[in-house]
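Participant: for reference, the sequence and a predicted model appear below.
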Amino acid sequence: MEDRTVIITSVNEAWAQPGSLLDIYLERFKNGEEIAHLLNHLLVVALDAGGFERCNVELVWTKLTFQQRDSDMVLFRNPLRHIPVYADMSCSSDVFKPWRAPLDRDFNTGLYYMKATNRTIEMMKYWIASRERFPGEHDQTVFVRIKHELVSELQAKIEPLDTVYFGGFCQYHDDLEKVCTMHACCCVGMENKLHDLKDIAADWKNYTSLTPELREKGGFKWTYPTVCRDSMGLRRTHRPATFGAHT
């Protein structure tokens, strides 16, 4: 983009199959509000030969070296409008509790934004190198364990993203006038993610088909992500914005 921003996601063969998560991910760009142009700035990285063949991309890097998360997220509006400009890294959260200190939030790294600076390059190097200290741990777990070190050692500024705009199945809000992304967190299994994200995509299509008058009346609610929540053994809550579990 004009400010040198690039959107990166990664897929393997299973995630890139026709009708799978990659298709839902790309379709949201086309059906979201004024975000179709962002496709011109999207780089999809294939993690295996099958994903490469499906996507026909030119770069294949290892997942942790390049970008840590898969395309289990859909976009509805331009998320860059709600990224704090002063932070070195802005990161999505399982549960956003504004009264907690920023580093005490439940980061999930499903979506994160980093400026291209010397400090963020050092942050990525530190993150990748830390894998050796926590063998067998997921990249998200490693990040959570080192986030205080990134601040103290590198003076990094890390900010959580509000689930009002960056929702997920752990915590989301029924304010469709504000939502920008929905992440299939609090979910185990690709088929479960696919099932509930398809419901979310259908909800958005129904919502955007409403007249402005009906939208203004409010009352529209997302379909409850039952399959994903059940996959985690999480109890059903009546108010999605009060989900308390995280992955």
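Facilitator: Ah, there it is.
Participant: can I take it that residue 182 is in a strand?
Facilitator: Yes. Counting by DSSP: H, G, I helix; E, B strand; the rest coil, one finds residue 182 located in a strand.
Participant: buried set for the helix ranked longest in the chain?
Facilitator: Ranked by residue count under DSSP state H, the longest helix found in the chain is helix 190-208. Residues 190, 192-197, 199-201, 203-204, 207 are the ones in helix 190-208 that count as buried (16 or more other C-beta atoms under 10 Å). (Glycine included, C-beta is placed from N, CA and C.)
Participant: any idea what sits nearest residue 22, other than its immediate chain neighbours?
Facilitator: Nearest non-adjacent residue to residue 22, counting by C-beta to C-beta, 6 or more residues apart in numbering: residue 16, 4.7 Å away.
Participant: what separation is there between that neighbour and residue 228?
Facilitator: Residue 16 sits 20 Å away from residue 228, going by C-beta to C-beta, to the nearest Å.
Participant: average pLDDT across the longest helix of the chain?
Facilitator: Mean per-residue pLDDT for helix 190-208: 93.
Participant: ok, then the element right after that helix?
Facilitator: Moving toward the C-terminus from helix 190-208, the next helix or strand (DSSP states H and E) is helix 212-217.
Participant: starting at the chain centroid, how far to that next one?
Facilitator: A distance of 28 Å separates the centroid of the chain from that of helix 212-217, by C-alpha atoms, centre = their mean, to the nearest Å.
Participant: cool, stretch 215-223 as well?
Facilitator: Put simply, stretch 215-223 sits 23 Å off its chain's centre (C-alpha atoms, centre = their mean).
Participant: what is the end-to-end distance of it?
Facilitator: Using C-alpha to C-alpha, to the nearest Å, one end of stretch 215-223 lies 17 Å from the other.
Participant: got the buried residues for that stretch?
Facilitator: Of the residues in stretch 215-223, 220, 222 count as buried by neighbour count, 16+ other C-beta under 10 Å.
Participant: renumber starting at 739 from here on
Facilitator: Shifting the count to begin at 739 puts that one at stretch 953-961.
Participant: quick one: contacts of that stretch?
Facilitator: Contact with stretch 953-961 is made by 910, 912, 914-915, 920, 934, 937-938, 940-941, 945, 948, 978, as judged by C-beta atoms under 8 Å, 6 or more residues apart in numbering.
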